[in-house]
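K.L.:
Whatever this is, show me its structure:
(4 chains)
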4 protein chains.
Amino acid sequence: MEVVEVHPSVEQYAYTFGGAAPLRSVRPGQALRLWSEDAFGGSLRTTADVTSNTPPAPGLNPQTGPFFVEGAKPGDVLALHLVDLEPARDTGVSSLVPFFGGLTGTDTTALLTPSLPERTWIYHLDSARRTLAVELTAGGSREAFSVELPLDPMLGTVGVAPAAGEVRTSLVPGVFGGNLDTPQMRAGTTCYLRVNVEGALFSLGDGHYRQGEGETCGTAVEGAMTTTLVVDLVSSEQLASSSMRTTTGAPASAPATPRLEDDDHWITVGTGRPLEDAWRASQVEMVRWLRDLFGLDDLDAYQLLSQVGLAPLANVVDPAYAALAKVPKALLPAPAGGAFGGVHARLRAAASTLR
Amino acid sequence: MEVVEVHPSVEQYAYTFGGAAPLRSVRPGQALRLWSEDAFGGSLRTTADVTSNTPPAPGLNPQTGPFFVEGAKPGDVLALHLVDLEPARDTGVSSLVPFFGGLTGTDTTALLTPSLPERTWIYHLDSARRTLAVELTAGGSREAFSVELPLDPMLGTVGVAPAAGEVRTSLVPGVFGGNLDTPQMRAGTTCYLRVNVEGALFSLGDGHYRQGEGETCGTAVEGAMTTTLVVDLVSSEQLASSSMRTTTGAPASAPATPRLEDDDHWITVGTGRPLEDAWRASQVEMVRWLRDLFGLDDLDAYQLLSQVGLAPLANVVDPAYAALAKVPKALLPAPAGGAFGGVHARLRAAASTLR
Amino acid sequence: MEVVEVHPSVEQYAYTFGGAAPLRSVRPGQALRLWSEDAFGGSLRTTADVTSNTPPAPGLNPQTGPFFVEGAKPGDVLALHLVDLEPARDTGVSSLVPFFGGLTGTDTTALLTPSLPERTWIYHLDSARRTLAVELTAGGSREAFSVELPLDPMLGTVGVAPAAGEVRTSLVPGVFGGNLDTPQMRAGTTCYLRVNVEGALFSLGDGHYRQGEGETCGTAVEGAMTTTLVVDLVSSEQLASSSMRTTTGAPASAPATPRLEDDDHWITVGTGRPLEDAWRASQVEMVRWLRDLFGLDDLDAYQLLSQVGLAPLANVVDPAYAALAKVPKALLPAPAGGAFGGVHARLRAAASTLR
Amino acid sequence: MEVVEVHPSVEQYAYTFGGAAPLRSVRPGQALRLWSEDAFGGSLRTTADVTSNTPPAPGLNPQTGPFFVEGAKPGDVLALHLVDLEPARDTGVSSLVPFFGGLTGTDTTALLTPSLPERTWIYHLDSARRTLAVELTAGGSREAFSVELPLDPMLGTVGVAPAAGEVRTSLVPGVFGGNLDTPQMRAGTTCYLRVNVEGALFSLGDGHYRQGEGETCGTAVEGAMTTTLVVDLVSSEQLASSSMRTTTGAPASAPATPRLEDDDHWITVGTGRPLEDAWRASQVEMVRWLRDLFGLDDLDAYQLLSQVGLAPLANVVDPAYAALAKVPKALLPAPAGGAFGGVHARLRAAASTLR
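P.N.:
Model prediction:
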């Protein structure tokens, strides 16, 4: 399986979903290996670098893309299977950005309190041990306290061009994907996004070497990333075809908000504010998915989800929050054909030839 | 180790935290085996029973307790170690209650839309296989679709009398505990609650044979439960003593909101509305706990939590929501002495003589 | 008309709604003149007094009451007509309380940011001009900038004992009234509250010499107050009687949340968090009221409210927020009989003999 | 004073802020008379027309514009003074749109409850009496109940191109203005918006013949409108000039969120979700404005606002909510020079030659 490699130049970065010219075209079935810069534009390299003295240049959250998927049209489902995520630098960085994060006043929760102090932490990658070592030293004022954490690479940002002609910055998550910031966006996961414009125009970036759920302080262990993925497409015609119809005969629904699948879980990602609205969006979407997968009515799907669902948070720091509904496959019978006609299993198999 | 057994009569149920006379006194170190009725007062027994035709009697969410803990005084920390939770009936029940649940208008999110239809599901316990079998049959209108789920017993409600002379119904969670509705309140967990009144006056109930995170439809697999627990107390004097001081010399802080500990995690539970405020409460409390455990300053603890924390939701359906911050112990060094002087490990050892 | 005067001793203050013994009994139709202490317990007297150096003693938000209304039973409507509010001191005080207010982290919106600085302002009453003069001098560090504002006395707190055996502190608003903190609670207003316990057990306090909508910094111009009011009762039997039935024949509904009426407006007060839920509660209650007053169905009442309603905020700083729906009577036909059988007009007439 | 008249053709409507080519250029100081279509694209004409059977065509919320303001550059302040708003049809329309409005599940507050029924109301304009007459007849099922309300024309939508290359639909409000839906956007008001792109690119539309605060059911009395306005510009250089400096010597701040001014009030408009965040944004912006106008520090401005501010809601139905902070000028001394060097008074004077 051929892999197309893309390492964008600084001038080629995109900073929005929608509104950027395609970087190149790809075909469904194609494998890609994409280099992406970190969320700070690679600016922060030492614990002395904070955003007030080292402003992210050329800009915050640069994206690699967008890619024009041949044949993709509004109403189709774009499937992006993440095969492999490898750190592209040997250090990752996290930094307290003034008036950003979950436990401070922000642009969106405006207060009169002053900013928290700025501080930067550098995480050193040990690629053999697959760990990240960091010193927590109170800004240098105390003796060393080191922690070595497992490497767990993920992408903060995966998205397509929004509907209705909108253009959104790469800092915002929404029904188009974007800055979802969930640790679940890791190798082995297939991401399903509804296509809103011809060619879908997907891009990705904001690599994290690891992130806690919620991304509490506003930034993960940010780092340049090399992402291997396979692109696929489920057309609206296929969704309506007999093979994908649910047991009740209804066509499968396209995702109203991002869906993820790995070998062990079906997952939906709701976005919005307040956080209960992000959660509600994830739950209603999972009710819809369980209904499709098992031919249930809404109330039975609601009941099933209530007893089997996991609900980890993604981010509670971006201009919109993101929450997950996550159902372990092991708790339920295997649905006939699998989600979207089994695309995850097929991509998983194709991917195994790549790594 | 002697175990005091309590099976309250119907007249002895409590329906509030605070405001109820003690059922009996217990000493720190004592083991208890408590029978508790289910949240519907045991009223719903078949799929034909819904709350509009079978109102919960004598009342919703009856509690077993309160118990007066000898020597407990405001500022102390009550530690309740859950040793064992066993279903006390062979069926559990879940029901859609009008204008209650996460995906409908409610008393607290008042709308003009009509109620969702009522429906009740009965879960049959197989105690040998430790599973719960349920039929999802669209209210009887479709062919049988059965699911068999693992038994995973937990308590919806554990709490003490609130501060400031308040009395709250057993339907509400808060800093005093109460109706937290987290699956984490299972056997093997120690629950820490700040004592607000002489004797602490704790009670528990609302057994769930299993529950998804968020308790989406408003009710779990509700069932009568037999709970074995050990009671302990950490006095405010002990918190200030040298053995519990943090590496910076500060006294350990009493929980501002419920904390949980199991063999693998430290956990804090934030409550409130909107959901981001429940989340914030859990996160600030975990920053405080990590600060105490490892002698970090706030910003280093904030950073550490951001990269290692899990954030599963508890409930998004009660009058106040509950969210968890959960830190895996395996990711961090073992803190000297353990939390609150190692009370969890001691209770765990004591419990092993009971089961 | 006889007026019963009550000036409680310090020992007689109540600090909760529910849970306090009645101060005395009153009959429906009775007039009362009640002295109430300010929210700081009268502690703050100069700009040098802040709550960290002068803790409110004996406690925060002392209430005058509760009063047992003879004959009041659950399901009745208590009507309290405010005849006159007069400052009982010649100075009022406002103060920034640490971690309290709308533009700072708080107990309920927990953050890591430090407290805003404390500062106290003293307002001098000119009773002839009916104004309040204050110096805004940046804590004494700049030249005098004085503002003279109109006196506009109101009560922050009016409430009854809650339902379900609950006891709530006088700092919290809810469906039982309590700390609503709306400038609308002024002389000329009738406040309707659903009775939850025998005798209703109402109390009041937290006088404000004036307050902006939202009470942004957390405290109004707080001051001791002399309140003249007339107490009345609409029984559940009267609500169901032919004279109070709506044009559709349905009985008038008792308030699910506080309602207010003055000569020019019908007003409902919703409480809760997030603020949209407080707003929703106020709107749904006003839909219900317009439905009753004019015999509309829900959707027509929803439409009417959408085009004629005012929506001023009450408080966005207390543990629950409060929002108002306010309909100008002048925009609509006069409803037959008036709200609750015209009790506001009758009390207004009775009051005119008192002032 | 010459007035440029613009009546766009259907093909010229814009549906976004940003992302649309300028309709024409205007100079600062210019007067315009703009015709705008209603939010339903003029589709709904009788009570039998609802959006499910008469979809808005060519689209929802068409805008007139955008206009390129010569010389406008990022950091400047665009001032739009509304001189006159006249209904351009003799009927206005309000309609319940499925899953839209404040008291139903919506796209952003996703629930499982069904849609409220659709219903449309037609308001008949009497231009002599300046009233709107409507029949509230429960969808035709009851005898006529008519209400005649005062005409009070306003614009739902006034905005500029957003920052950061974003493009937002005309259904969304934000710091760029847009679908604020406040009754305050009426004749006599000056609207100040920060310029984000060369030429500012403002547009307007969504005329309302009247609207209650909150726009509860989701739609006002929607109608085509003829808007007369005068355009002006305050450059960033002028903001920093000595004449506009505050008494503390700091340059006047450009609006972080829309500001409004009429003869009697200074007003700020905060947007966001949850509603308390929209409110916080309005309050922080008003603290900033009072600080500039009177040379106060933040805490004194916070105090002043807390005692004099009004807080009416704008909309609680759009994808972001909008809340106002409103300060009556009569309560305070006249600030030297007036806001932004007195531009409102100058435009008011210029406008008087137009009507």
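K.L.:
right, and residue A:207 touches residue A:225 too?
P.N.:
Yes - counting by CB atoms under 8 Å, residue A:207 touches residue A:225, with 2.9 Å between them. Every residue, glycine included, has its C-beta placed from N, CA and C.
K.L.:
Which of these two has more residues huddled nearby?
P.N.:
Under the neighbour definition other CB atoms under 10 Å in any protein chain shown, residue A:207 and residue A:225 were set side by side, and residue A:207 has more, 30 against 27.
K.L.:
Check the secondary structure at that one for me.
P.N.:
Three-state call for residue A:207 (DSSP: H, G, I helix; E, B strand; the rest coil): strand.
K.L.:
Contacts only, for it.
P.N.:
A:36, A:38, A:85, A:87-88, A:153-156, A:222-225, A:227 (CB atoms under 8 Å, 6 or more residues apart in numbering or on different chains).
K.L.:
rewinding a little: could you name every residue contacting both of residue A:207 and residue A:225?
P.N.:
Contact criterion CB under 8 Å, 6+ apart; residues bridging residue A:207 and residue A:225 by contacting each: A:36, A:38, A:85, A:87, A:88, A:153, A:155.
K.L.:
nearest to residue D:329, of these?
P.N.:
Taking CB to CB as the measure, residue D:329 lies nearest residue A:38 of the shared contacts of residue A:207 and residue A:225, at 49.7 Å.
K.L.:
who's in contact with the closest one?
P.N.:
By CB under 8 Å, 6+ apart, the contact set of residue A:38 is A:89, A:92, A:93, A:206, A:207, A:222, A:223, A:224, A:225.
K.L.:
Report how many residues lie close to the first one.
P.N.:
I take that to be residue A:89. If we define neighbours as other CB under 10 Å, then residue A:89 has 16 of them.
K.L.:
Kindly report the same for the fourth one.
P.N.:
Using other CB under 10 Å as the criterion, residue A:206 is surrounded by 29 other residues.
K.L.:
do you know how far it is from residue A:185?
P.N.:
10 Å (CB to CB, to the nearest Å).
K.L.:
which neighbours do the two share?
P.N.:
Common contact partners of residue A:206 and residue A:185 (CB under 8 Å, 6+ apart): A:155, A:156.
K.L.:
by how many degrees do the helix ranked longest in chain A and helix B:275-294 diverge?
P.N.:
Assignment by DSSP state H gives helix A:275-294 as the longest helix of chain A. In terms of direction (axes from the mean of the first three to the mean of the last three CA atoms, to 10 degrees), helix A:275-294 departs from helix B:275-294 by 100 degrees.
K.L.:
anything in the helix or strand that helix A:275-294 is followed by near chain D?
P.N.:
Counting by DSSP states H and E, the element after helix A:275-294 in chain order, helix or strand, is helix A:298-308. Yes - using CB under 8 Å from any CB of the partner chain, helix A:298-308 reaches chain D at A:298, A:299, A:302.
K.L.:
Now narrow those to whatever sits close to chain B.
P.N.:
Contacts with chain B within those, counted by CB under 8 Å from any CB: A:299, A:302.
K.L.:
By neighbours, which of the residues of helix A:298-308 next to chain D wins?
P.N.:
residue A:302 (27 neighbours).
K.L.:
That one - nearest residue in space that isn't next to it in sequence?
P.N.:
Sequence neighbours aside, residue B:217 is the residue nearest to residue A:302 in space, at 5.0 Å (criterion: CB to CB, 6 or more residues apart in numbering or on different chains).
K.L.:
Return the residues in contact with that neighbour.
P.N.:
For residue B:217, the contacting residues are A:302, A:303, A:305, A:306, B:94, B:96, B:101, B:102, B:103, B:317, by CB under 8 Å, 6+ apart.
K.L.:
Looking only at the lowest-mean-pLDDT helix or strand in chain A, what residues are buried by neighbour count?
P.N.:
Of all helical and strand segments in chain A, the minimum by mean pLDDT, DSSP states H and E falls on helix A:236-240, at a mean of 92. Neighbour counts using 16 or more other CB atoms under 10 Å in any protein chain shown place A:236, A:238, A:239 of helix A:236-240 among the buried residues.
K.L.:
swap in stretch A:106-118?
P.N.:
By 16+ other CB under 10 Å, the buried positions in stretch A:106-118 come out as A:106, A:108, A:109, A:110, A:111, A:112, A:113, A:115, A:116, A:118.
K.L.:
just the helices in the stretch 51-200 of chain A please.
P.N.:
Under the criterion DSSP state H, counting those that start in this stretch, the stretch 51-200 of chain A contains no helices.
K.L.:
Tell me where it is predicted with low confidence.
P.N.:
Under the criterion pLDDT under 70, no range of the stretch 51-200 of chain A is flagged.
K.L.:
So which bits of it are right by chain C?
P.N.:
Neighbours of chain C within the stretch 51-200 of chain A, by CB under 8 Å from any CB: A:103, A:104, A:105, A:109, A:110, A:111, A:112, A:113, A:114, A:115, A:116.
K.L.:
and with 7 Å instead?
P.N.:
Applying CB under 7 Å from any CB of the partner chain, one finds that the stretch 51-200 of chain A approaches chain C through A:103, A:104, A:105, A:111, A:112, A:113, A:114, A:116.
K.L.:
Distance-wise, check the fourth one relative to chain D.
P.N.:
Taken as CB to the nearest CB, to the nearest Å, the spacing of residue A:111 relative to chain D amounts to 7 Å.
K.L.:
Spell out which residues of the stretch 251-355 of chain A are next to chain B.
P.N.:
Counting by CB under 7 Å from any CB, the stretch 251-355 of chain A sits next to chain B at A:274-276, A:279-280, A:283-284, A:294, A:296-297, A:299-300, A:302-313, A:316, A:321, A:331-332.
K.L.:
Need the buried ones from the residues you listed selected in ChimeraX.
P.N.:
A single ChimeraX command is used to select the members of these judged buried by 16+ other CB under 10 Å:
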select /A:274,275,276,279,280,283,284,294,296,297,299,300,302,303,304,305,306,307,308,309,310,311,312,313,316,321,331,332
